[in-house]
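Novice: Model the structure of this input:
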Amino acid sequence: MNIDFYDIEYLNNPDPITLKADFKQFLLSLDVPTVIDVAGKHVDKCRVIVTLLHGNEPSGLIAIHRWLTSLGELPKPQTNIRFIICSVEAANASPLLSHRFLAHGNDLNRCFGISRNDGYYARARLIEEAIREVTPEFVVDLHNCSGSSPAFAVSPILSMKEIALTSFFCDAVILSGLQIGALTEQAFSCPTITIECGGSNDEQAHEVAFEGIQNIAECPPNVNFPQKKSVEIICKPLRLTLKNNVELTYSHHYEGESGVTLLDNIEQFNYGGAHQGQMLGWLDSKGLKNLQLLNEDQENVIDEFFTLRDNQLVCATHLRIFKATTNEFIAKNDCLFYVVKHSLGTFEK
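Specialist: Okay, here's the model as predicted:
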C-alpha cells in the first residue's frame, strides 16, 4: 500500500451524504488523515478531539460519527470543534478496525516530538500543525484500551483544568511522566489529555466517548471548566515490557514455555488491584531478566514491583494494573501493561 504521508483532508460542517449511512462506510470513504470542522456559537474559540491514532481503537470514530449525524437533534456546540481522524489506512485495512498500525509501518502515537520529517513522523507533524492552527482551548485524544478495562484518562500535567476535563468522560486520571513520543506529551499551550475509553469491543466504551463529546460541546467557553464528578488521581505508572527476543505466551497453566507466560485472564486485573503475593504468570530459567520496568531515569526497577515464587511471576507489593491485554502483538510491540504501586486518592468536586 502506497501511503501519502504529506496529505491531510479538511471537511467543513459535513452533510449527511458525506457522512454516509454508518461509521464504517464513512471510514471507508476516507483516504488520508481527515480534519472535520464544526462551527459553534463562539466562533473565536475552538476545541480539538483526536481519534484513530491507532487503527484498531474505534470508540472515538464511532462516537464522532454518531455526534455528527445527530447535530440536527442536538444544541449547537458552544464553540467550534475540530475533529482529527488519523490512521485512516491502518483502520481501513482488512479486517476493518483491527490493525493498530500497518505491517512494516510505525506506531503513529510514538512519532510525535521527534526531529524527523519523513514517513509517519511527517504525518505526526501534520497532525500537530492541524491542532496548533486553531489555538484550541483544550485537546482530547480518544483511545481504546488494549484489553477490556474501565475508562480512565492520562495526562502529563495535572491542574484543575485537566481534572475537570477528565470528569467529562470518566472518574480516574493517571499522571504520567513517561516520554514515548505520544501526541499528548506535546506542548499545545492548553490542557491536553488522553482518554482510554475502555475495550475496543465494549459498547460502554463507545458511550463514554459519545457522552464526553456531548459534554465538551455543551460546555460554555470558560477559563475554569466545571467538574462533573469526583476524580481519582493515580501517579506515574511504569510500563512493563519484554526484553528483546523474549517469547510471550498466555495460558491458565504453565507448560514449560520459554520466556514469559502470562495468565490468560490477565485483563481481570484492569478492574481492581493485584495484592502482594498475587501470581500473574510464569517465567523460564532467566526469571525477571526477561522483563524490564524503566523509571523516569531509565533504571530497571523490576525488583521493586515483582518477585519470583519458584518460577511464578508474583507481585512484590500491592499494585494497580492498567491496560493489561491478551493481544500478543500489542503486548510484545508496546507493553505487557502499566503498573503503579499505589494511588493518591480522590479529588473531590
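
Novice: Output the below-cut-off pLDDT ranges for the chain.
Specialist: Applying pLDDT under 70 to the chain flags residues 342-349.

Novice: Name the residue closest to the centre of it, please.
Specialist: residue 143 (3.7 Å; Cα atoms, centre = their mean).

Novice: beta partners of that one?
Specialist: Applying DSSP bridges to residue 143 gives these bridge partners: residue 196.

Novice: pretty sure it is in contact with residue 57, am I right?
Specialist: Yes: contact between residue 143 and residue 57 holds when scored by Cβ atoms under 8 Å: they sit 5.1 Å apart. Placement of C-beta: from N, CA and C, glycine included.

Novice: hey, what's in contact with both of these two?
Specialist: residue 51 (Cβ atoms under 8 Å, 6 or more residues apart in numbering).

Novice: Partner strands of the longest strand along the chain, with direction?
Specialist: In the chain, assigned by DSSP state E, the strand with the most residues is strand 42-51. Note on strand 42-51: by DSSP bridges, its sheet partners are strand 79-85 (parallel), strand 139-145 (parallel).

Novice: okay if I get those as TSV plus distance to residue 162?
Specialist: Listed next are those as TSV, based on distance: least, Cβ to Cβ, whole Å:
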stretch	distance to residue 162
strand 79-85	18
strand 139-145	11
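
Novice: Please identify the deepest-packed of those.
Specialist: A comparison of the strands paired with strand 42-51 by mean neighbour count, using mean count of other Cβ atoms under 10 Å, puts strand 139-145 on top with a mean of 26.

Novice: Parallel or antiparallel, list what pairs with the helix or strand following it.
Specialist: The first helix or strand that comes after strand 139-145 along the chain, using DSSP states H and E, is strand 152-155. In the sheet, strand 152-155 lines up against strand 172-175 (parallel), strand 192-199 (antiparallel) (DSSP bridges).

Novice: And those: which comes nearest residue 14?
Specialist: Between residue 14 and these, the tightest spacing by Cβ to Cβ is seen for strand 192-199, at 22.8 Å.

Novice: could you say what helices and strands the helix or strand following the closest one packs with?
Specialist: Using DSSP H and E, the next helix or strand after strand 192-199 towards the C-terminus is helix 203-218. Here helix 203-218 touches strand 42-51, helix 59-68, strand 139-145, strand 192-199, going by 3 or more Cβ pairs under 8 Å, 6 or more residues apart in numbering; DSSP states H and E.

Novice: could these be laid out in JSON lines, adding distance to residue 179?
Specialist: Output for the helices and strands packed on helix 203-218, formatted as JSON lines (distance: least, Cβ to Cβ, whole Å):
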{"stretch": "strand 42-51", "distance to residue 179": "19"}
{"stretch": "helix 59-68", "distance to residue 179": "23"}
{"stretch": "strand 139-145", "distance to residue 179": "16"}
{"stretch": "strand 192-199", "distance to residue 179": "14"}
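
Novice: Residue 123 against residue 33, yeah?
Specialist: Yes: assessed by Cβ under 8 Å, residue 123 is found in contact with residue 33 at 6.6 Å.

Novice: Which residues are in contact with each of these two?
Specialist: Residues touching both residue 123 and residue 33 (Cβ under 8 Å, 6+ apart) are residue 86.

Novice: ok so, going back, could I get the longest strand of the chain in CSV with only the CA atoms?
Specialist: The C-alpha coordinates for strand 42-51 follow below in CSV (Å, rounded to 0.1, in the frame of the first residue of the first chain):
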residue,chain,number,x,y,z
HIS,A,42,-18.5,31.2,19.8
VAL,A,43,-16.5,31.1,16.6
ASP,A,44,-13.4,32.6,18.2
LYS,A,45,-13.0,29.6,20.4
CYS,A,46,-12.1,26.0,19.3
ARG,A,47,-11.7,22.6,21.0
VAL,A,48,-9.9,19.7,19.4
ILE,A,49,-10.7,16.0,19.6
VAL,A,50,-8.3,13.5,18.0
THR,A,51,-9.0,9.8,17.3
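
Novice: Mind listing what's buried along that strand?
Specialist: 45-51 (16 or more other Cβ atoms under 10 Å).

Novice: tell me which element residue 326 is part of?
Specialist: Judged by DSSP H and E, residue 326 forms part of no helix or strand.

Novice: For it, the count of nearby residues, please.
Specialist: Residue 326: 16 surrounding residues under other Cβ atoms under 10 Å.

Novice: in the stretch 151-300 of the chain, which spans are helices?
Specialist: Taking DSSP state H, counting those that start in this stretch as the criterion, the stretch 151-300 of the chain contains helices spanning 160-167, 203-218.

Novice: Present these as TSV; the columns should include mean neighbour count.
Specialist: Shown next, in TSV, are the helices of the stretch 151-300 of the chain (neighbours: other Cβ atoms under 10 Å):
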stretch	mean neighbour count
helix 160-167	22
helix 203-218	20
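
Novice: Quick one, which of those gets closest to residue 5.
Specialist: Judging the helices of the stretch 151-300 of the chain by Cβ to Cβ, what sits closest to residue 5 is helix 203-218, at 26.8 Å.

Novice: and the angle from that closest one to strand 192-199?
Specialist: Put simply, helix 203-218 runs at 150 degrees to strand 192-199, going by axes from the mean of the first three to the mean of the last three Cα atoms, to 10 degrees.

Novice: ok now helix 203-218, how far from the chain's centre?
Specialist: The chain centroid and the centroid of helix 203-218 are separated by 15 Å under Cα atoms, centre = their mean, to the nearest Å.

Novice: Show me what that helix is in contact with.
Specialist: 40, 47, 49, 58-60, 62-64, 66-67, 74-75, 77-78, 81, 140, 142, 144-145, 151, 168-170, 195, 197-199, 228.
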